[in-house]
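*Asks:* structure for this input, please:
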Amino acid sequence: MGLRVGGVSEDFRKQMLGYGLTTAQILYRMPDHPSLLQTYVWQNYDVFPKFPALTDFLAFWEEKLDGPLFSVTVAHSKLIKPAELRAVDGVFRLH
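*Replies:* Presented below is the predicted three-dimensional model:
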């Protein structure tokens, strides 16, 4: 859960600024066994389509960590969306 500032969570504040939940599945080669792949799942709020937070994380990975990146698969969803409305043909009551 994000930090609360003035009664509102930081995660909610980011969503209101256009951030959406971003998940990246990162496959990387094991440093001691380069023929083996390991997976890492990264999740944070980020901005589509440039993904500055993910880009910063991947730059950190390449600079500081030993496991070379093999592939990165990204999924992104804005959590605050307009309500979905649909017409109802009737009301059924159960007693």
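*Asks:* check contacts around the most centrally placed residue in the chain.
*Replies:* Nearest to the geometric centre of the chain sits residue 22, at 1.6 Å (C-alpha atoms, centre = their mean). Residue 22 makes contact with 43-46, 48, 51, 53-54, 74-76, according to C-beta atoms under 8 Å, 6 or more residues apart in numbering. For glycine as for every other residue, the C-beta is placed from the backbone atoms N, C-alpha and C.
*Asks:* just the buried ones from the residues you listed?
*Replies:* Buried positions within the contacts of residue 22, assessed by neighbour count (16 or more other C-beta atoms under 10 Å), are 45-46, 51, 53-54, 76.
*Asks:* could you dump the residues you listed to CSV with pLDDT?
*Replies:* Formatted as CSV, these follow (pLDDT from 0 to 100):
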residue, pLDDT
45, 93
46, 94
51, 93
53, 96
54, 97
76, 87
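*Asks:* now, which of those residues sits nearest residue 62?
*Replies:* Of all the buried ones among the contacts of residue 22, residue 62 sits closest to residue 54, with 12.6 Å by C-beta to C-beta.
*Asks:* please tell me how far that closest one sits from residue 31.
*Replies:* 22 Å (C-beta to C-beta, to the nearest Å).
*Asks:* sec struct for the residue lying closest to residue 28 once chain neighbours are set aside, please.
*Replies:* Excluding the flanking residues, the one nearest residue 28 by C-beta to C-beta, 6 or more residues apart in numbering is residue 67, at 3.9 Å. Three-state assignment for residue 67 (DSSP: H, G, I helix; E, B strand; the rest coil): coil.
*Asks:* elements contacting the longest helix seen in the chain?
*Replies:* Secondary structure of the chain per DSSP state H: the longest helix is helix 52-64. In this structure, helix 52-64 makes packing contacts with strand 20-29, strand 37-46, strand 69-77, judged by 3 or more C-beta pairs under 8 Å, 6 or more residues apart in numbering; DSSP states H and E.
*Asks:* one more time with 6 Å, if that's ok
*Replies:* Using 3 or more C-beta pairs under 6 Å, 6 or more residues apart in numbering; DSSP states H and E, the elements in contact with helix 52-64 are strand 37-46.
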